[in-house]
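[1] Structure here, sequence nowhere to be found:
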């Protein structure tokens, strides 16, 4: 085949044309637009922060190209407060913790861009104790508040005026740890181990070494000891257990409810003898005229005091002046009502005995019971509280139940009397509960406080004197 050769000069015009059109040549690339942070949004599960509670915050940045990104210390984010920071603290990771009542704004700053979030710090409830026609609540800042009947100064606010909303207990102390409420008096512990009482001192219920009819409307220290660990109050008698496990009682003792072997009223704390071979008391619960307690050694149950309604549980009707062992089981929780008793075993089974006129024992009957009798067939009970003629209990799953008299709506069911447990609502976040004579209270896992039942004296603390047939929230 014949080979052809093209003249080299023919390529020059072509290259010139390509160069003119930009092909084959080079140019400076355009500078890309910089992506910058435009705004920061702060998110939180709640902007109402209780004192002592930590709430995590999340900062999300939005950029000029409409992309978003979670910001943190690695990206250069800095958390701070817009105000003084007096109401809360914040850590570099972005968790805010309430420390004082008030409001402020949290700021999240990066690259000169600032995001803000307003927060409100409040005091929530840590605990509650009801008795008679009054209630004492413990808030997360350590203060105590009282509401309801105050005829004997039992609210501790230096007055004798009934209150239908929480009022601060006098003394300006934030060291309160635990409290118990009798018919018209209160006994409480501080975190320094000291013991305090206020209200009626008839029969020596305040343990001050005297018996008088004058109200004591402010907290008064009992003795000089500072090793108290647990308190309980009945109608007119009270107990306190020391860190050593030694238990002392004082007040009315006509039926032997102090367990000291006599029926003589005690105006100051007196040692309650331990049964032979035992070393320490664990817990105690007091009713109108009887007392129940668990020993730490073997978790066995003991009872003493008034027994006319068989409330001691030893099978008899005669008053018991010294601790008597009740059965052979191990127990975890006690609730002495006016004249009936409820206890929960360590396996979660619940038992009741004593006066059963209104079905408060919970065994579907109305006959008095002289020894612990099973309540239902469940074994998931956590704690119980007994009033004058009703009983409340919470399960390990957080459900609330009530039985007995509902004449003053103290069961919270909105219904009538019941001789067997009836569930209160459908919520499953109940933690603990307490019962007065004809009203009840419960604390939920979110630290909100709820009350129901009689309110003629303002014992529900909701700002009025209207009865509550179902649980209502008490303002923080």
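    Structure's in. What do you need? Every value quoted in this text rests on a predicted model; they were computed, and no experiment measured them. Residues are numbered from 1 along each chain as shown.
[2] is it fair to say residue 74 lies in a helix?
    Yes - according to DSSP: H, G, I helix; E, B strand; the rest coil, residue 74 belongs to a helix.
[3] gap between it and residue 68?
    Distance of residue 74 to residue 68, given as Cβ to Cβ, to the nearest Å: 16 Å. C-beta: built from backbone N, CA, C; applies to glycine.
[4] ok, these two, which is more surrounded?
    residue 68 (11 against 6; other Cβ atoms under 10 Å).
[5] Can you name the residues that contact the closest residue to residue 333 other than its chain neighbours?
    Leaving out its chain neighbours, the residue that sits closest to residue 333 by Cβ to Cβ, 6 or more residues apart in numbering is residue 344, at 4.2 Å. By Cβ atoms under 8 Å, 6 or more residues apart in numbering, residue 344 lies in contact with 331-333, 350-351, 381-384, 393.
[6] and if we set it to 7 Å?
    Counting by Cβ atoms under 7 Å, 6 or more residues apart in numbering, residue 344 touches 331-333, 350, 381, 383-384.
[7] List the ones among those residues that fall in strands.
    Of the positions in these, 331-333, 350, 381, 383-384 sit in strands, assigned by DSSP state E.
[8] from those, which single one is nearest residue 85?
    Nearest to residue 85 among the ones in strands among the contacts of residue 344: residue 383, at 39.0 Å, using Cβ to Cβ.
[9] Wait, that closest one touches residue 430, no?
    No - taking contacts as Cβ atoms under 7 Å, residue 383 lies outside contact range of residue 430: 9.5 Å.
[10] out of the two, which sits in the busier spot?
    Taking neighbours as other Cβ under 10 Å, residue 383 and residue 430 compare with residue 430 leading, 25 against 21.
[11] Just grab the bridge partners of that one for me.
    Applying DSSP bridges to residue 430 yields these beta-bridge partners: residue 444.
[12] Just after the helix or strand bottoming out on mean pLDDT in the chain, pick out the following helix or strand.
    None of the helices or strands of the chain scores lower by mean pLDDT, DSSP states H and E than helix 11-20, at a mean of 39. Next along the chain after helix 11-20, taking DSSP states H and E as the criterion, comes strand 37-44.
[13] which residues make contact with that following strand from outside it?
    Defining contact as Cβ under 7 Å, 6+ apart, one finds that strand 37-44 is touched by 55, 57-64, 71, 106, 108, 110-111, 113-117.
[14] before we move on, the earlier item: can I assume the residue nearest to residue 333 sits in a helix?
    No - with three-state DSSP as the criterion, residue 344 is assigned strand and is not in a helix.
[15] Could you report the distance from it to residue 376?
    Note on residue 344: its distance to residue 376, by Cβ to Cβ, is 12 Å.
[16] swap in residue 175?
    Separation of residue 175 from residue 376 (Cβ to Cβ): 40 Å.
[17] go on, residue 475?
    Noted for residue 475: a distance of 35 Å to residue 376, by Cβ to Cβ.
[18] What of residue 396?
    According to Cβ to Cβ, residue 396 stands 14 Å off from residue 376.
[19] Who has more neighbours out of those two?
    It is residue 376, of residue 396 and residue 376, that has more neighbours when counted by other Cβ under 10 Å, with 16 against 12.
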